[in-house]
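1. Task: produce atomic coordinates for the following.
(one chain, ligands or ions: 1)
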Amino acid sequence: MAKLADIENEFIRQEIEEYIERPDERGHLIALYSKISPEMQTLAAGVIDGQHEAVDAGTQAALEDGVEALQIMDDGLIAGMAIVGIKFRENFIFVPEVLSCARAMKAGMKHIEPILSASGIEPVGKIIMGTVKGDMHDIGKNLCIMMLRGSGFEVIDLGVDTSPDDFIDAVEEHQANIVGMSALLTTTMPNMGRTIEAFIDADLRDDVKFMVGGAPVTPEFAEDMDADSYGDNAVECVEVAKRMIEEFEAEQA
Ligand code: B12
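-> Below is the predicted model:
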């Protein structure tokens, strides 16, 4: 079993020691970080410490060193955010600090996005993506969009705080048949179901498949609200979208 001392980066070791109190979370983070390269640990430390300039430069340097964009995203940026999330939940840090971390994460994502989006192939399908009404979290949604674009999908990004009507208007305007909804708050999760209901009311439910995701969303919740699919992360988001395209093709055959 990995130990705290196996993590090379001193700042990360201190962060885990000082702020991660739950044994399951501590064990998970030690196991995760002990497998991550020192270069990616430094990047994660930059996200945790809200150092946007360091994350900007570190991401660029890692790409120049030949580290895969996906690995930088998982081992550097998302791994850093995992510690930020726990510190925020436990009230060790507050909204201004989290915004600095989000800014640092975005400084890294800016270099990753063009690589993950540069597939150069004909669009395999059109997807409308948005964070639901009342919810301003967009980091996870943006990661999903990057991955979808990188896999050849055309994605129309409705941003955050997206009302059911905005989703309906976008589907009609762009003639899209897949809608992806993201929610990070337990209070906004029901707005996913409300959006699906609005599609039923507008007589459009049969034309569209819905995929949903976001940290508090579960496969059971997705099923309860009658979504067509749930994805746990950005890679699964792409898998789900591809499966939906195959289902449409099978339905038309
Ligand atoms: C960053 C952050 C913020 C930032 C958001 C910045 C931004 N531009 O997004 C700021 C500071 C603005 C913020 C504000 C608030 N936040 Co906040 N925030 C977070 C934090 C720390 C990280 C979220 C994040 O970006 N995670 C990283 C990404 C990569 O993960 P992800 O979003 O889950 O996305 C992945 C998957 O879920 C999936 N996925 C996501 N969307 C989709 C969609 C589809 C279709 C699919 C298939 C997959 C998929 O793929 C993604 C990539 O792998 C979380 C803690 C946490 N652990 O989640 C709290 C958290 C979500 N926030 C929380 C709260 C309470 C708030 C505030 C209410 C705080 C306040 N008092 O004002 C406000 C709400 C503002 C609003 N109306 O939305 C709570 C929610 C608690 C709850 N039970 O609802 C959390 C859980 C923190 C906590 N207390 O534990 N927050």
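2. From here on, just use CA atoms for contacts and neighbour counts.
-> Fine.
3. Just confirm E113 contacts I145, I think it does.
-> No. The criterion here is Cα atoms under 8 Å, and E113 misses it with I145 at 9.2 Å.
4. higher neighbour count, those two?
-> Per other Cα atoms under 10 Å, whichever of E113 and I145 has more neighbours is I145, with 28 against 21.
5. Please name the residues that touch the more buried one.
-> Going by Cα atoms under 8 Å, 6 or more residues apart in numbering, I145 touches M129, V155, D157, A234.
6. Of those, which ones also sit close to the ligand?
-> When contact is defined as Cα under 6 Å from any ligand atom, the contacts of I145 meet the ligand at A234.
7. tell me the two of the contacts of I145 that are most distant?
-> Farthest pair in the contacts of I145 (Cα to Cα) is D157 and A234. Separation: 14.9 Å.
8. Near the ligand, which residues of the stretch 101-250 of the chain? Just list them.
-> By Cα under 6 Å from any ligand atom, the residues of the stretch 101-250 of the chain that approach the ligand are 102, 134-141, 143-144, 180-182, 184-187, 211-215, 230-234, 237.
9. For the residues you listed, which PyMOL command selects only the ones that are buried?
-> To isolate the buried ones among these in PyMOL, judged by 16 or more other Cα atoms under 10 Å, type:
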select buried, resi 102+134+135+136+137+138+139+140+141+143+144+180+181+182+184+185+211+212+213+214+230+231+233+234+237
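10. quick one on the thing from earlier: by neighbours, which of the contacts of I145 wins?
-> Result: M129 is most packed of the contacts of I145 (other Cα under 10 Å), 27 neighbours.
11. show me what contacts that residue?
-> K141, I145, V155, I156, D157, L158, G159, V179, G180, M181, S182.
12. How about E53?
-> E53 neighbours (Cα under 8 Å, 6+ apart): A104, A107.
13. Report the secondary structure element holding N91.
-> N91 belongs to no helix or strand when assigned by DSSP states H and E.
14. Repeat that for E15.
-> Per DSSP H and E: E15 is located in helix 10-19.
15. Can you name every helix or strand that that helix contacts?
-> Here helix 10-19 touches helix 23-34, helix 38-48, helix 79-89, going by 3 or more Cα pairs under 8 Å, 6 or more residues apart in numbering; DSSP states H and E.
16. Show me how the chain divides into domains.
-> 9-117, 125-252 (automatic domain parsing).
17. can you list those domains in CSV and add distance to A2 and mean pLDDT?
-> Shown next, in CSV, are those (distance: least, Cα to Cα, whole Å; pLDDT from 0 to 100):
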stretch, distance to A2, mean pLDDT
domain 9-117, 6, 93
domain 125-252, 25, 94
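18. Let me see the ranges of the strands in the protein.
-> Counting by DSSP state E, the chain has strands at residues 125-131, 153-157, 178-182, 209-213, 229-230.
19. Make CSV out of those and add distance to A44.
-> Formatted as CSV, these follow (distance: least, Cα to Cα, whole Å):
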stretch, distance to A44
strand 125-131, 25
strand 153-157, 27
strand 178-182, 24
strand 209-213, 24
strand 229-230, 27
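20. does the ligand sit close to stretch 21-37?
-> No. Stretch 21-37 lies out of reach of the ligand by Cα under 6 Å from any ligand atom, never closer than 11.6 Å.
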